[in-house]
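*Asks:* this one's sequence-less:
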């Protein structure tokens with residue numbers, strides 16, 4: 001590229017980066033520093049609602065709703081001419097991975113990149129790339145490129161789990177005991193199904209898995225690690241860190257659906273890495289019955305372009321037949337924002353995610369008899385289920401009759417005003433209180449862990465077993481779960497949770513913004529589907 005070549009840029013809508021508290025810039029990034037990014041291209045045609053009625057093949061999805069060959073060629077040739085390296089191009093997923101020196105990518109995308117560290121960290125702490133404001137793109141790509149992700153690589157999401165303090169544990173459960181409590185359908189174990197698990201750090205030790213499942217009397221399920229964007233299975237010997245999330249997810253899903261194949265996708269904790277992992281999992285062969293996500297962040301801490309691109313990746317997953325189960329958050333209705341207002345977590349707030357809230361459970365593990373199940377809320381700073389009303393995603397049609405309260409308003413994923421009502425979170429629930437949590441093994445240590453992180457793989461395992469029984473994947477399962485349910489009514493296949501609150505919202509009869517439709521009664525849910 002001629003350094004003096006004129007470069008006409010146009011603004012990229014939705015790329016304005018919200019301020020991120022807790023980080024401090026330490027000067028400009030070195031011009032030669034290597035930078036990677038993911039570009040998302042427009043669909044060749046809009047994805048219609050009826051695309052979710054029966055699964056498409058990957059070939060059909062790509063040919064009808066992927067990026068057009070002309071758009072892909074235009075993006076690749078334009079960026080290559082400007083000195084950007086093309087590392088990967090995927091028309092079906094509408095993704096192009098690029099890299100280059102910081103000076104080149106900053107020029108091509110109209111931004112400044114700074115070196116950033118956590119504000120309370122020392123000079124030897126890991127550094128990140130930071131940007132502020134909006135991005136631009138070469139004018140010839142206007143309308144073709146809809147998102148540029150990963151230029152800012154500060155951590156995008158947090159794991160939604162909490163390790164229980166031993167003195168606070170009143171009771172705890174193995175996943176198979178919870179399968180009894182929630183009446184997972186007999187004669188099923190997930191055989192023939194695949195569960196994908198998304199992880200943004202940490203790792204697992206096979207020896208820990210073998211020990212854990214042997215202790216349950218269950219053969220160790222098939223677990224495979226897949227790296228995305230340089231991510232890898234790297235156990236860090238920290239049960240309280242990301243390893244806790246990884247092991248919790250695998251052990252819950254594997255113990256409740258031991259016949260399923262479990263594929264764990266490891267990616268960097270950036271908006272690009274997160275999206276690329278989900279897209280890779282959704283388009284894998286075979287298509288997973290469920291994709292489990294236990295990571296998230298308040299929806300206002302994402303750029304609009306990232307939310308839209310991620311929601312579209314979840315649309316792809318649903319159209320291919322995968323149901324994406326997502327933790328609704330562990331910080332009550334505030335979602336740890338601290339402005340005194342209600343917020344919901346993303347990607348749980350996507351209407352194409354099955355958002356999973358949390359309860360506190362007291363049950364007889366030998367019989368499955370429930371003595372008490374209420375909303376999980378241990379008080380300020382001690383954990384509570386996320387839930388509320390989206391400020392950016394409109395109320396989906398299948399949720400329109402259940403009494404979702406008016407929310408903060410705002411814009412939908414495409415930037416259009418949606419008025420005061422929005423998508424209600426969560427859809428479903430299960431036990432999440434660490435004081436009545438899950439017995440797991442992490443880095444050689446037996447622990448009790450809670451959080452809505454555990455609910456996402458529990459529901460993923462249930463979806464896999466339902467798919468096994470029905471001989472089909474469900475994709476966007478919410479319309480069937482809500483199926484004409486009215487405000488105050490208990491949906492078929494659910495046990496209603498009517499006691500407790502998560503801060504701004506209280507539980508009540510029928511759907512509520514604490515536990516959604518309630519907790520599963522698996523055999524009845526199978527009959528309803």
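*Replies:* Perfect, thanks for sending it. Computed from a prediction, not measured in an experiment: that's the story for all the values here. Numbers count the residues shown, from 1 in each chain.
*Asks:* bridged to the residue nearest to residue 454 when sequence neighbours are not counted, which residues?
*Replies:* Excluding the flanking residues, the one nearest residue 454 by C-beta to C-beta, 6 or more residues apart in numbering is residue 438, at 5.0 Å. Every residue, glycine included, has its C-beta placed from N, CA and C. Residue 438 has these beta-bridge partners by DSSP bridges: residue 173, residue 449.
*Asks:* my read: residue 101 touches residue 29, true?
*Replies:* No: counting by C-beta atoms under 8 Å, residue 101 sits too far from residue 29 to count as a contact (9.7 Å).
*Asks:* ok, these two, which is more surrounded?
*Replies:* residue 29 (24 against 18; other C-beta atoms under 10 Å).
*Asks:* one step back: what is in contact with residue 101 and residue 29 at once?
*Replies:* Shared between the contact lists of residue 101 and residue 29 (criterion: C-beta atoms under 8 Å, 6 or more residues apart in numbering) are residues residue 35.
*Asks:* distance of the residue nearest to residue 454 relative to residue 53?
*Replies:* 35 Å (C-beta to C-beta, to the nearest Å).
*Asks:* more crowded one of the two?
*Replies:* For residue 438 versus residue 53, the count of surrounding residues by other C-beta under 10 Å is larger for residue 438: 29 against 11.
*Asks:* which residues does that one contact?
*Replies:* Applying C-beta under 8 Å, 6+ apart, the residues near residue 438 are 172-175, 178, 248, 251-252, 431, 448-450, 454.
*Asks:* quick one: which of those is nearest residue 79?
*Replies:* residue 248 (39.8 Å; C-beta to C-beta).
*Asks:* helix, strand, or coil at that closest one?
*Replies:* Counting by DSSP: H, G, I helix; E, B strand; the rest coil, the backbone at residue 248 sits in helix.
*Asks:* now residue 401
*Replies:* Under three-state DSSP, residue 401 comes out as coil.
*Asks:* so which bits of stretch 135-149 are buried?
*Replies:* 135-138, 141, 144-149 (16 or more other C-beta atoms under 10 Å).
*Asks:* I misspoke; the intended subject was stretch 198-212.
*Replies:* 198-205, 208-209, 212.
*Asks:* that stretch: end-to-end distance?
*Replies:* 21 Å (C-alpha to C-alpha, to the nearest Å).
*Asks:* from the middle of its chain, how far away would it be?
*Replies:* Relative to its parent chain, stretch 198-212 has a centroid offset of 19 Å by C-alpha atoms, centre = their mean, to the nearest Å.
*Asks:* with stretch 317-333 instead?
*Replies:* Using C-alpha atoms, centre = their mean, the offset of stretch 317-333 from its chain centre is 6 Å.
*Asks:* cool, and stretch 169-179?
*Replies:* On C-alpha atoms, centre = their mean, the centre of stretch 169-179 falls 24 Å from the chain's centre.
*Asks:* circling back to that earlier point, check the contacts of residue 438 and tell me the two furthest apart.
*Replies:* Across the contacts of residue 438 (C-beta to C-beta), the longest gap, 14.8 Å, separates 251 and 431.
*Asks:* what's the closest non-adjacent residue to residue 451?
*Replies:* Nearest to residue 451 is residue 161, by C-beta to C-beta, 6+ apart, at 3.7 Å.
*Asks:* which secondary structure state is assigned to residue 218?
*Replies:* Going by three-state DSSP: residue 218 is coil.
*Asks:* now the spatially closest residue to it that is not a sequence neighbour: phi and psi?
*Replies:* Nearest residue to residue 218, sequence neighbours excluded (C-beta to C-beta, 6+ apart): residue 258, at 5.0 Å. Main-chain dihedrals, residue 258, degrees, to the nearest 10: phi -70, psi -20.
*Asks:* OK, contacts around residue 258?
*Replies:* Residue 258 neighbours (C-beta under 8 Å, 6+ apart): 189-190, 213, 218-219, 221.
*Asks:* where does pLDDT dip in the stretch 201-350 of the chain?
*Replies:* Residues of the stretch 201-350 of the chain meeting the criterion pLDDT under 70: none.
*Asks:* all helices of the stretch 51-200 of the chain, in order?
*Replies:* 58-65, 69-81, 102-108, 175-181 (DSSP state H, counting those that start in this stretch).
*Asks:* can you give me how far the longest one is from the chain middle?
*Replies:* Meaning helix 69-81. With C-alpha atoms, centre = their mean, you get 30 Å for helix 69-81.
*Asks:* buried residues in that helix?
*Replies:* Buried residues in helix 69-81 (16+ other C-beta under 10 Å): 71-72, 74-76, 78-79.
*Asks:* out of those residues, which is nearest to residue 335?
*Replies:* For those, the nearest to residue 335 is residue 75 (35.0 Å; C-beta to C-beta).
*Asks:* so how far is residue 497 from the closest one?
*Replies:* Distance from residue 75 to residue 497, by C-beta to C-beta: 48 Å.
*Asks:* what's the answer for residue 463, then?
*Replies:* Taken as C-beta to C-beta, the span from residue 463 to residue 497 is 20 Å.
*Asks:* how about residue 338?
*Replies:* Taken as C-beta to C-beta, the span from residue 338 to residue 497 is 27 Å.
*Asks:* neighbour-wise, which of those two wins?
*Replies:* Between residue 338 and residue 497, counting by other C-beta under 10 Å, residue 497 is the more crowded of the two (26 against 11).
*Asks:* quick check, that one in a strand?
*Replies:* No: counting by three-state DSSP, one finds residue 497 to be coil, located in no strand.
*Asks:* what about the nearest residue to it once chain neighbours are set aside, neighbour count?
*Replies:* Among residues not flanking residue 497 along the chain, residue 515 sits closest, at 4.2 Å (C-beta to C-beta, 6+ apart). Other residues near residue 515 come to 36 when the count uses other C-beta under 10 Å.
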